[in-house]
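Novice: 3D model of this:
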Amino acid sequence: MDLKRTLTGFAAALLTMGLLGNPVQAAPDDDNSTRDFGNGPERNGVAAAFPPIEQTADAFKIAPANTGYPRKNVLSVYPDNPADKSIKLGLVPYHGIAPRLNALQASSDRVSAEVIGHSALGRDLYLVTVTAPETAAQAARQDRWRALIEDDPRAAKRDASLRTGYKTPIWINANIHGDEWEGTDGALRVIERLAGATDAATARLLARTRVYVTVTNNPDGRIAGTRANGAGFDINRDHATGAQPESRAVRDVVIGTQPFVMLDEHGYTGTTLIEPATPPHGQNYEYDLYIKHALPNALGMEAAIGRLGYPETARADIPFRDYAPGDWDDWPPIFTPMYAIYQGAVGHTVEIPWQVNRGVYDSLPVEELRRRSAVNTDVAAATITAAISYADGSRKSLLADQIEQFRRGWAGEPSPEIPDGYVEGFGPEDRYSTTFPRAYVIPDDGPASARLVDHLVANDVRVTRATHDFTLAGRSYSRGAYLVDMHQPKRGLANVLLEAGRDISQLVPQMYDISGWSHRLLWGARVDISRTAAPRVSTRPVVAAGPTGHVPGGSRDLLLSVRDGSDVRAVNTLLDLGVAVRQTDAATVVVPAAARDAATVVADRFGVRFAAAPRGTGGSPLTKPTIAAAVSADELFVLRDMGFEPRTVSTALLNAGADLSDVDTLVVSSGLSYAALNATGRAEVDELLARGGVVTRGATGAAFNAAAGLLPATAVAGRGDANGVVAVENTGPVVGAGSLQHSFVYSPLWFTGTGFTVEQRYAATPLVAGHWLPSSTEAAGQASVISGATARGGRAVLFGTEPLFRAHPKGLYAQVARALYWTAG
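Specialist: Numbers count the residues shown, from 1 in each chain. Predicted coordinates:
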């Protein structure tokens, strides 16, 4: 193994033993060598204050077969915005992109630009295609070949005309983090060069290549100078979830273009960084097909930046070659390049060198900032150009290997074991694999199953639906059950979403980001596994899940179990409509028979299933709570998604006189310190605590509980970067009622003491999938969620888990809603 890998690994071992600092500690603004974990103060230290946003449901699809290239779309032009943060750096502002692309389309028959979606704040997302002109018939033929590669790879391999005529697809994604600007400018430079070049080599290149560029994946952040989008989400953590329109847009681009190679242009790491990454490698990749191209492509990009002649670009950091396991991994499918691997691409993150964002943006002279940005733009352009060159020179092998990836999926073949030395530096530490099951079955059980099926289909996982009753692996299923036959081209993607995952705690000393995410365990749907038995039932392909809403006939009152976020949304909508909803317990509500029409509307809209209430069912009146929330952006998003209307607060706002007089429940997880409240803020909070409720999450919430003297619980913290899917035991009547047997943690907490109700406990062996050192057994049997009457006179629920994390664990949302209803009551 490379000496640098060994030495770095020793440092990582020291970290594990507690002899070095925690890897998630913040670095100085100008410390370019530290990777941004993307899960820092915004989770606990900064209260989100984003306004409500109505997100659009854009879906990019390849243009109809009667459309060739160029397409000559005229993009809308927007007014100049002098507040655009890119202007100070000498870079193109967002409002300058559309005019530039319109001019290129007018002057060159190689450039087509189109809008493929909209940002969280409604700004256009652009896709540029650079290629030689194609007639409608020629474009249609390319579409048929692309489909053949995925749908029938054996036939694609035999098709001689495809081998010689299929254009190499390359995808460049720029500016996914809004304050990492220069990928956009480097990409525009390459587009302009390809569009205007008159040499024969460029003409030949574009005759056999399509270069796709998403020019800025995050226009909201580009303008505002923020990493996150306009809803406060890190888009480069959203690809397994699809909560944000920007990630859904590029999801549809990668599916629609099926690239051989993709780059995701980022910054800033001091030395240019170019993936492939360190282990642990995603165990569902066809990693042999990936690394054989990723490493030489990275070496080619390193050579290209070296030719720029800058001292700071003399070499690159290539994590696979230069870093220790766990230092820069490609384990989760949340990052754009890692997600793209499952779609058939050789994906790379590229980190340009010079920091120009955050504190540096304000502290350095403009001249120095622009010098740095000029170097960064050169680096971005050089890496893009080198990747295009690699893809062109390796087109036959890349085509064959994409075909092979999909062929293995259809055939159900095991992924081959990769020998040591397969590429330089490949060793036992790089060897990760899994055993694919034969099939998954998702019974048609309600909104959670429909949501999961729609998510799988949107990600190009093939799902079918049984046309009659059947038995599989000893279980009986009714007609309408959904099947995911794992003999399909993108089996790796299907499995990475549906499998439980793996406890990798003892394999690497730390991880960069989340290490567990299972949709099967966290999204609320029942998903059964058939390890070896093949489905033997007539099915039909699923384009969208069928409707799940149900209201029984008759004249009785209606029952609804509040076990899913969709159930919560239905309840809140009924309350908004003035329906006299009653609550029999924390997990069950009653809707009067007189409101049957309203129940039918919400059943249809949210897919919820009502049951007939036994005669004489009573219950207490339920009202929609008025909520004040000092929470992170993702939690604010989910609370609104469930139909609550949280009023954002923080220490600063309360100290400035924010009014809580009409608030029923205060939610605290980020940006609110009871100890830091002044007399004005404390008086307002104390008045609420004497009559209302509190729901907390995480370290900030636990500190609030202790300082305010609410529940007599001591919070114990696990390691700050411990995270993953955990097994739990549900024991309480509020959060525990009807909850899943699994939860999610990041920086886990547990509670000790007496004088409260334990709603949920960590199981004897908590961690199912993820990374938790020294061991998750330190929390075995401990209380993960507690509730009780407070010393102030109200009610409180404290979460040591992460039920709303990045809007991902959708099957856990209702736990928070039940806590809100209960504490407000």
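Novice: check which helix or strand residue 568 maps to.
Specialist: Here residue 568, judged by DSSP states H and E, is contained in helix 565-576.
Novice: restricting to C-alpha, output that helix in CSV.
Specialist: What follows is helix 565-576, C-alpha atoms only, in CSV (Å, rounded to 0.1, in the frame of the first residue of the first chain):
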residue,chain,number,x,y,z
GLY,A,565,-46.4,11.6,7.7
SER,A,566,-49.3,11.3,5.2
ASP,A,567,-51.6,10.5,8.1
VAL,A,568,-50.4,13.7,9.8
ARG,A,569,-51.0,15.8,6.7
ALA,A,570,-54.5,14.4,6.4
VAL,A,571,-55.3,15.2,10.1
ASN,A,572,-53.9,18.7,9.8
THR,A,573,-55.9,19.3,6.6
LEU,A,574,-59.1,18.1,8.3
LEU,A,575,-58.4,20.5,11.2
ASP,A,576,-57.8,23.3,8.7
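Novice: please enumerate residues in contact with it?
Specialist: Contacts to helix 565-576, defined as Cβ atoms under 8 Å, 6 or more residues apart in numbering, come from residues 446-448, 451, 560-562, 581, 589, 591, 595, 598-599, 602-603, 605-608, 622-624, 638, 641-644, 810, 813-814, 817. Glycine gets a C-beta too; all of them are placed from N, C-alpha and C.
Novice: can you name the residues that contact residue 476?
Specialist: Contact partners of residue 476, counting by Cβ under 8 Å, 6+ apart, are 469, 470.
Novice: just to revisit the earlier point, just the buried residues of the contacts of helix 565-576.
Specialist: Buried members of those, counted by 16 or more other Cβ atoms under 10 Å: 446-448, 451, 560-562, 581, 589, 591, 595, 598-599, 602-603, 606-608, 622, 624, 638, 641-644, 810, 813-814, 817.
Novice: hang on, the earlier thing: next step: the contacts of helix 565-576 restricted to helices.
Specialist: 447-448, 451, 598-599, 602-603, 605-606, 638, 641, 813-814, 817 (DSSP state H).
Novice: can you redo those as CSV with pLDDT and distance to residue 309?
Specialist: Output for the ones in helices among the contacts of helix 565-576, formatted as CSV (pLDDT from 0 to 100; distance: Cβ to Cβ, whole Å):
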residue, pLDDT, distance to residue 309
447, 97, 58
448, 97, 57
451, 98, 53
598, 97, 70
599, 97, 70
602, 97, 64
603, 97, 66
605, 96, 61
606, 97, 60
638, 98, 49
641, 97, 51
813, 98, 53
814, 98, 59
817, 98, 59
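Novice: which one of these is nearest residue 382?
Specialist: Taking Cβ to Cβ as the measure, residue 382 lies nearest residue 638 of the ones in helices among the contacts of helix 565-576, at 40.9 Å.
Novice: look up the closest residue to the closest one, ignoring the ones flanking it.
Specialist: Nearest residue to residue 638, sequence neighbours excluded (Cβ to Cβ, 6 or more residues apart in numbering): residue 804, at 4.4 Å.
Novice: lowest-scoring secondary structure element of the protein by mean pLDDT?
Specialist: Ranking every helix and strand in the chain by mean pLDDT, DSSP states H and E puts helix 3-16 at the bottom, with a mean of 36.
Novice: how far does stretch 335-348 sit from its chain's centre?
Specialist: Distance of stretch 335-348 from its chain centroid, counting by Cα atoms, centre = their mean, to the nearest Å, is 14 Å.
Novice: list the buried residues of stretch 351-367.
Specialist: Neighbour counts over stretch 351-367 (16+ other Cβ under 10 Å) mark 351, 352, 353, 354, 355, 356, 357, 358, 360, 361, 364 as buried.
Novice: which of those fall within strands?
Specialist: Using DSSP state E, the members of those that fall in strands are 351, 352.
Novice: need the buried residues of stretch 351-367 in JSON lines (columns: pLDDT and distance to residue 706).
Specialist: JSON lines is the format used below for the buried residues of stretch 351-367 (pLDDT from 0 to 100; distance: Cβ to Cβ, whole Å):
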{"residue": "351", "pLDDT": "98", "distance to residue 706": "40"}
{"residue": "352", "pLDDT": "98", "distance to residue 706": "43"}
{"residue": "353", "pLDDT": "97", "distance to residue 706": "43"}
{"residue": "354", "pLDDT": "97", "distance to residue 706": "43"}
{"residue": "355", "pLDDT": "97", "distance to residue 706": "37"}
{"residue": "356", "pLDDT": "98", "distance to residue 706": "40"}
{"residue": "357", "pLDDT": "97", "distance to residue 706": "35"}
{"residue": "358", "pLDDT": "95", "distance to residue 706": "32"}
{"residue": "360", "pLDDT": "97", "distance to residue 706": "36"}
{"residue": "361", "pLDDT": "98", "distance to residue 706": "37"}
{"residue": "364", "pLDDT": "98", "distance to residue 706": "41"}
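Novice: alright, calling it a day.
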